[in-house]
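1. Here is the input, now give the coordinates:
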Amino acid sequence: MNIPDWNGSFMEVERSRGGVLAACSHRRNLILEGGDEGSIEPAILQKLVASRQGSCFDRAARRRLKQDLGYYCDLQSLNSEDAITWSVFGTIAGCDEQTRARWADELFQAVGLGPELSGHCRIALWNRMPHPETHGSNGPEIDFSVVTDGTILLGECKWTSPVGCGQGRNGDKDQIQMRLECLERFRSLPEPEMPCDLLYSPPNPRGQKRLVVLLVTIDPTEIRPHWTSEGIHTIATTWDRICALRSHPKSDEIERYYRWKLGHTRDYLDQRIQHEREMGRRCRDISFSDLRNLAEEGDPTAMNELGIFLMTGRGVEPDPEEAVRWFGKAAQQGHVDGIFNMGKAFDQGAGVPENERKAVNWWKKAAAAGSRDAMYSLGRLYLADHRIVHRTAKAIHWYECAVAEGDIEAMHALGEIYLGRWGGPFMPERAMELYRKAAEAGHIGAGYILAHHLAHGIHIPQDCEEAARIFEWLAKESLPIPREDIASVCQETEQE
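-> As a prediction, this is how the structure comes out:
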């Protein structure tokens, strides 16, 4: 099929079984310097690798997608974050230094750093830093870096995927934390000793450089509590702000490209959500034999639902082994719930031998695709053996990831940890903040803990009026309120 690109020319694309559009040539999915392939090869050659996602297309589509490279690569996907990373940052990196410096100054002002008016600027893509913990060569890959006389900025780009979790030597850090640790590790080094030429720029005559980690996403992102480090700016911005920088020589084309890419991505996400809802309703309302027919036709939602039927014995004799087979088929097509359920099967030993390592691997895959159920489950799994210090740290990490995705059970569990349970750090202010968020979202247990602390003034300023309102809500939910809490609220209210 053919669709118009951001400039109005038609391009050949294929649609995956899950609804993702992919260009038959990766070059048609990028803004190219000078309009040809040669100028981009030195920078993007490392991204032209075969992708497993090719299996998400039918045989005829795969054949057409391979006609350019001989294989399918992720740069062909219209949802590719590397494609927009190149199209925005790669095209400015190849400009003369004066143009780069002018663009960097506008970027700094747009994200709230203030002007610099530097005469020097270096922009690089996809360089790999030494690992901040092991000091080996397998450190984080920096999507883009901007280095001027007074600033070192490491950028992390996201499109549809969340910030990656489960990183670091113990798997208890995310991508932003790793980049912060890179800057913490190397800011004390003399500049000539900094790794490769990523961080090299002329000495700053005004003193120490500003150190910045910049996250770029489609929608606004809150800075998480663990994304802070003394002396380093952690900033989150959006693609629309980055693509609106007028000092980029290709600013008009970049804005068109961004709107084009965003439109196709929004359409894909809306269609996927609608399809999964419709299939979910349909799968619940049809017979088991009809559900099996849908699954055998290749629909991943039906495959996952069939697995649930077989695992739980809903309207059919339980068959855990067959359930796992269908979860695996759904997972092969990238169905997030299918991936999560594979982890759940290995965690519970249902249909497969119990295996914590395999459960963790499946759940990490689901978490990378944005599954907050997987993030919460990883936190719960690691907390089960909290006597091992690094497991508690991993539990905190995964619960924080789930909290960032709005999981109220993770808020409640993390609140308990931050009140000193399970050997975690004592952070009562953060605990009360989490309990409040969970209570506002309707979590009864978190609501009681918050009201109890408000009534007695524990770790939070006493507020019997607010405590009374929460207790009234809990009573409507049929939760019995201990007498000492009622007495505390009544006594304070009478005194007022």
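2. Could I get the buried residue list for the lengthiest helix in the chain?
-> The residue-count maximum for a helix in the chain (DSSP state H) belongs to helix 251-285. By neighbour count on 16 or more other C-beta atoms under 10 Å, the buried set for helix 251-285 is 251, 253-258, 260-262, 264-265, 268, 276, 279, 282-283. (Glycine included, C-beta is placed from N, CA and C.)
3. Run through the neighbouring helices and strands of the helix or strand following it.
-> As assigned by DSSP states H and E, the chain's next helix or strand after helix 251-285 is helix 288-296. Using 3 or more C-beta pairs under 8 Å, 6 or more residues apart in numbering; DSSP states H and E, the elements in contact with helix 288-296 are helix 251-285, helix 300-312.
4. and residue 123, which of those is closest to it?
-> For residue 123, the closest of the helices and strands packed on helix 288-296 is helix 251-285, at 14.5 Å, according to C-beta to C-beta.
5. Low-confidence ranges, the stretch 101-250 of the chain, go.
-> 188-207 (pLDDT under 70).
6. all helices of it, in order?
-> 175-186, 239-242 (DSSP state H, counting those that start in this stretch).
7. out of these, deepest packed?
-> Among the helices of the stretch 101-250 of the chain, the stretch with the highest mean neighbour count (mean count of other C-beta atoms under 10 Å) is helix 175-186, at a mean of 21.
8. Other residues contacting that one?
-> Here helix 175-186 makes contact (C-beta atoms under 8 Å, 6 or more residues apart in numbering) with 129-130, 132-133, 139-140, 142, 152, 154, 156, 163-165, 167-168, 173, 194-195, 199, 211, 213, 215, 224, 226-227, 229, 232, 234.
9. Buried ones from those, can you make that a ChimeraX selection?
-> Restricted to buried positions by 16+ other C-beta under 10 Å, the ChimeraX selection for the contacts of helix 175-186 reads:
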select :129,130,132,139,140,142,152,154,156,163,164,165,167,168,173,194,195,199,211,213,215,224,227,229,232,234
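10. Which members of the contacts of helix 175-186 occur in strands, if any?
-> 142, 152, 154, 156, 211, 213, 215, 232, 234 (DSSP state E).
11. For residue 222, grab phi and psi.
-> phi -80, psi 140 (degrees, to the nearest 10).
12. got the contact list for residue 246?
-> residue 106.
13. quick one: it and residue 306, what's the gap?
-> Distance of residue 246 to residue 306, computed by C-beta to C-beta, to the nearest Å: 53 Å.
14. From residue 177, how far out is residue 229?
-> 9 Å.
15. what's the answer for residue 433, then?
-> In terms of C-beta to C-beta, residue 433 sits 20 Å off from residue 177.
16. Walk me through the domains of this structure.
-> Taking automatic domain parsing as the domain assignment, the ranges for the chain are 2-79, 96-248.
17. can I get the ones you listed in a markdown table with distance to residue 383?
-> Formatted as a markdown table, the domains of the chain follow (distance: least, C-beta to C-beta, whole Å):
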| stretch | distance to residue 383 |
| --- | --- |
| domain 2-79 | 32 |
| domain 96-248 | 12 |
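18. For residue 423, find the nearest of the helices of the stretch 101-250 of the chain.
-> helix 175-186 (20.6 Å).
19. what angle do the closest one and strand 151-157 make?
-> 160 degrees (axes from the mean of the first three to the mean of the last three C-alpha atoms, to 10 degrees).
20. Give me the distance from helix 175-186 to the chain's centre.
-> Remark: helix 175-186 is offset 17 Å from the chain centroid, using C-alpha atoms, centre = their mean, to the nearest Å.
21. Stretch 466-474 too?
-> 35 Å.
22. returning to that earlier point: pull the most distant pair out of the ones in strands among the contacts of helix 175-186.
-> Every pair of the ones in strands among the contacts of helix 175-186 checked by C-beta to C-beta; the farthest is 152 and 215, at 15.7 Å.
23. where do the strands sit along this structure?
-> So, for the chain - with DSSP E - the strands run 2-4, 10-15, 21-23, 121-128, 141-148, 151-157, 210-217, 232-238.
24. Which one of these lies nearest to residue 354?
-> That would be strand 141-148 among the strands of the chain, by C-beta to C-beta, at 34.5 Å.
25. Show me what that closest one is packed up against.
-> So strand 141-148, by 3+ C-beta pairs under 8 Å, 6+ apart, packs with helix 81-85, helix 97-110, strand 121-128, strand 151-157.
26. got the angle between the second one and strand 210-217?
-> Same thing as helix 97-110. 80 degrees.
27. Use 34 as the first number from now on
-> Happy to do that; since the first residue is 34 now, the last one works out to helix 130-143.
28. Now do helix 130-143: everything it contacts.
-> With C-beta under 8 Å, 6+ apart, helix 130-143 has contacts from 125-126, 128, 147-156, 179, 181, 184, 270, 274-275, 277-282.
29. Taking these, please make a PyMOL selection of just the buried ones.
-> To isolate the buried members of those in PyMOL, using 16+ other C-beta under 10 Å:
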select buried, resi 125+126+128+149+151+153+154+155+156+179+181+184+270+275+278+280+281+282
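30. Can you report how many residues neighbour the residue nearest to residue 250 when sequence neighbours are not counted?
-> Once flanking residues are discounted, residue 250 sits nearest to residue 191: 4.7 Å by C-beta to C-beta, 6 or more residues apart in numbering. Neighbour count of residue 191, defined by other C-beta atoms under 10 Å: 20.
31. quick one, what contacts residue 191?
-> 114, 248, 249, 250, 251.
32. By neighbours, which of those residues wins?
-> residue 249 (26 neighbours).
33. For stretch 372-386, what is the distance to the chain centroid?
-> 23 Å.
34. For that stretch, output the C-alpha coordinates as PDB.
-> Extracted as PDB, the C-alpha positions of stretch 372-386 are listed here (Å, rounded to 0.1, in the frame of the first residue of the first chain):
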ATOM      1  CA  ILE A 372       4.100 -11.600  27.600                       C
ATOM      2  CA  PHE A 373       3.000 -10.800  31.200                       C
ATOM      3  CA  ASN A 374       1.000 -14.100  31.500                       C
ATOM      4  CA  MET A 375       4.100 -16.100  30.400                       C
ATOM      5  CA  GLY A 376       5.900 -14.600  33.300                       C
ATOM      6  CA  LYS A 377       3.000 -15.300  35.600                       C
ATOM      7  CA  ALA A 378       3.000 -19.000  34.500                       C
ATOM      8  CA  PHE A 379       6.700 -19.400  35.300                       C
ATOM      9  CA  ASP A 380       6.300 -17.500  38.600                       C
ATOM     10  CA  GLN A 381       3.500 -19.800  39.700                       C
ATOM     11  CA  GLY A 382       4.700 -23.000  38.100                       C
ATOM     12  CA  ALA A 383       1.400 -23.300  36.200                       C
ATOM     13  CA  GLY A 384       1.800 -25.300  33.000                       C
ATOM     14  CA  VAL A 385       5.600 -25.000  33.200                       C
ATOM     15  CA  PRO A 386       8.100 -25.700  35.900                       C
END
